[in-house]
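Peer 1: return atomic coordinates for the entry below.
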Amino acid sequence: MKRVAENSFLLFVYPFVFDPATFVERSAAISAAEWQAGSHRIPVWKPDRFPRGDMLAYVAGYLNPASGESPTAHLWRMNWGLRRSFGLSNEADWALGIKRKGAQEEFPFCFGEILKVGEKENDNSFAFRLALFHGGVGFLTCQVTPRSDQVEDWLDFTHYFRFANRPNKVWLQGRAGQRLAATGSGAAFFPDSAGGTQSHSDGKGTLNDLLVALLATGDASRARAEAAGQVGHEWWTEVFVPEQVIPFASFFVEGVLANEEMELAYKLRSFFHRYQGDDPAPEDLSRDQPGLLPYANRQWFIFSVEGGAFLACDAPKREFFQATLPAHIRSHYFLVFMLTLQQRFVLMSLSQKVADKWLIEGKSPAELTEGRFKAFAQIRDRFLEFTARGYFTQVMQREHHQRFYRKWQEVFQIRDLYEEVRDEVREMYQYLQSQRTEAEEKRARRFGIWISTVALLVVIPTIVFGFLGINIRNFTSAADTGLTVRQALLWSAVGTVGLVLLAWGVREIVRKRINRTSE
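Peer 2: Numbers count the residues shown, from 1 in each chain. Just a heads-up that it's a prediction; the model follows:
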């Protein structure tokens, strides 16, 4: 009979975007955030480090910089001291509730790993992890463990937990364990920081209730506003399918027959529940299917645009396959998965910025061009920074890790996205730069014409007086010779008007030629 081994795990990723200019501010707020736990206030997050492993030195340097250097990303894990107040591991009994075929079903689970009596938290037993990248992309990852070893239950759980933000169809329900409930085991439970039983009297809520409470720690002003009973604004924006998270599953299954392997891999690739995918096409069951990457005998990495998985059928009972490999999948391979997700969403965000900033409004064509130019200069700078610090051809030294990385880049079409955004930014920036240069040249020509006109108004009377040799009585000649003041002004006016008309005609001819040249 098929069963899921204890070294299996499920991770679900909530991706989001934020203003890259607030990276330092958000990081500081997250590091300083505190919640009430009993009679004490303790930090919500503990600083964490990205796994080093066989990562290339310069990539590892970006992710885990030396003291004093500017970080490319920050990583935190939820403080284990909040396990009781947030209901982690064995501290609360959680159930994933679904409505299927008119009936309600429940799948018991816990956040984090199911720790045995006396067992302490380790690097793999985290319940929530939060990562922020300098490029304006973040990931909130939760780890959940179904309290069942049945393959069908794990398939159902993986399928439905992705949609745990749809309360009419999928929901979470918490019940306090004996150690938490003041009134005894089984009382309704929901974390106080996510509304508590005041907002969830029956312990029912959504995954989004938990995610919002955790992400709100990135905005100190929001926390103060909510404490005062006001509505705070979210500093993040959804970037994936609304109300859906991305699964990263690892199935170590025992008792799998040879003719059942590809069918199970097919269900995992599409994240089907037990009643889906019963009539696959022959091509979907091929071992050469492009969504599979062989790792070892009867073991595959599974790729799709909806998420990733690893399937091991009757893995050898050796330390490497039972402990080392699961730990590497949860750390090193998941990091590679997260890096490619970061590339995907940064590029998608930049492409969206290109479309948004092109639609900005301006009071005049000149102001519109100038506004677009400044906006696209910022987009170009952000794209160049991403190229330098987030877009890597190789991240790992080992063959399996590098093949895994390249496969995700292929599935998410990272190269195509990169070239598309690069061409958009370059062509539009160059176009706006040429528009701006042309506008500056027109302004320079207009200024030159204006200066010339003013100069003519000064020079022409001087020329008239000099050319006509006018002498004014009692000024430049004796009292009985020369012209009177009135006569001199009259002759000067006639000469000035004549020369101004001549200058105006020449200017009009030049202006028309300039306009024809510009057109």
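
Peer 1: rest of the way, CA atoms for contacts and neighbours
Peer 2: OK.

Peer 1: immediately after the host helix or strand of residue 198, which helix or strand?
Peer 2: Using DSSP states H and E, the secondary-structure element containing residue 198 is helix 196-199. Counting by DSSP H and E, the next helix or strand C-terminal to helix 196-199 is strand 204-205.

Peer 1: quick check: neighbours of that following strand in the sheet, parallel or antiparallel?
Peer 2: When pairing is defined by DSSP bridges, strand 204-205 lines up against strand 170-176 (antiparallel).

Peer 1: pLDDT (mean, whole number) over the partner strand?
Peer 2: The average pLDDT within strand 170-176 is 92.

Peer 1: show me what that strand is in contact with.
Peer 2: For strand 170-176, the surrounding residues in contact (CA atoms under 8 Å, 6 or more residues apart in numbering) are 87, 91-99, 160-161, 163-165, 185-190, 202-207.

Peer 1: just the ones of the residues you listed in strands?
Peer 2: Judged by DSSP state E, the subset of these located in strands is 92, 93, 94, 95, 96, 97, 98, 99, 188, 189, 204, 205.

Peer 1: the domain parsing of this protein - what is it?
Peer 2: 3-256, 344-437, 469-518 (automatic domain parsing).

Peer 1: dump those domains to a markdown table, plus mean neighbour count and distance to residue 321.
Peer 2: Below are those laid out as a markdown table (neighbours: other CA atoms under 10 Å; distance: least, CA to CA, whole Å):
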| stretch | mean neighbour count | distance to residue 321 |
| --- | --- | --- |
| domain 3-256 | 18 | 9 |
| domain 344-437 | 16 | 15 |
| domain 469-518 | 14 | 72 |
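
Peer 1: reformat the ones you listed as a markdown table; add distance to residue 284.
Peer 2: Shown next, in a markdown table, are the domains of the chain (distance: least, CA to CA, whole Å):
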| stretch | distance to residue 284 |
| --- | --- |
| domain 3-256 | 18 |
| domain 344-437 | 16 |
| domain 469-518 | 60 |
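
Peer 1: worst average pLDDT in the ones you listed?
Peer 2: domain 469-518 (a mean of 64).

Peer 1: thinking again about what came up before, quick one: which of the domains of the chain is nearest residue 335?
Peer 2: Of all those, domain 3-256 sits nearest to residue 335, with 7.6 Å by CA to CA.

Peer 1: tell me the span between the first and last residue of that closest one.
Peer 2: Its start and end residues considered, domain 3-256 measures 8 Å (CA to CA, to the nearest Å).

Peer 1: same deal with stretch 127-142?
Peer 2: Stretch 127-142 has an end-to-end distance of 5 Å (criterion: CA to CA).

Peer 1: outside of it, which residues touch it?
Peer 2: The set of residues external to stretch 127-142 that reach it, using CA under 8 Å, 6+ apart, is 11-21, 23, 27, 71-78, 88-89, 111-113, 143-144, 211, 215, 342, 345-346, 382, 385-386, 390.

Peer 1: chain center to it, what's the gap?
Peer 2: Put simply, stretch 127-142 sits 9 Å off its chain's centre (CA atoms, centre = their mean, to the nearest Å).

Peer 1: how about the ones in strands among the contacts of strand 170-176, which pair is most distant?
Peer 2: Longest span within the ones in strands among the contacts of strand 170-176, CA to CA: 92 and 99, 22.5 Å.

Peer 1: closest to residue 283 out of the domains of the chain?
Peer 2: domain 344-437 (18.1 Å).

Peer 1: now the closest one, how far from the centre of its chain.
Peer 2: With CA atoms, centre = their mean as the basis, domain 344-437 stands 13 Å off its chain's centre.

Peer 1: likewise for stretch 307-320?
Peer 2: Stretch 307-320 sits 31 Å away from the centroid of its parent chain (CA atoms, centre = their mean).

Peer 1: send me that stretch as PDB with only the CA atoms.
Peer 2: The C-alpha trace of stretch 307-320 is given here as PDB (Å, rounded to 0.1, in the frame of the first residue of the first chain):
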ATOM      1  CA  GLY A 307       4.800  25.200  -9.100                       C
ATOM      2  CA  GLY A 308       7.400  22.600  -8.600                       C
ATOM      3  CA  ALA A 309       7.700  19.100  -7.000                       C
ATOM      4  CA  PHE A 310      10.100  16.200  -6.300                       C
ATOM      5  CA  LEU A 311       9.000  12.600  -6.500                       C
ATOM      6  CA  ALA A 312      11.000   9.700  -5.100                       C
ATOM      7  CA  CYS A 313       9.500   6.200  -5.400                       C
ATOM      8  CA  ASP A 314      10.900   3.800  -2.800                       C
ATOM      9  CA  ALA A 315      14.100   5.700  -2.200                       C
ATOM     10  CA  PRO A 316      17.000   3.600  -1.000                       C
ATOM     11  CA  LYS A 317      17.200   3.300   2.800                       C
ATOM     12  CA  ARG A 318      20.500   5.100   3.000                       C
ATOM     13  CA  GLU A 319      21.400   8.300   4.900                       C
ATOM     14  CA  PHE A 320      21.800  10.400   1.800                       C
END
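
Peer 1: buried stuff in it?
Peer 2: Buried residues in stretch 307-320, counted by 16 or more other CA atoms under 10 Å: 307, 308, 309, 310, 311, 312, 313, 314, 315.
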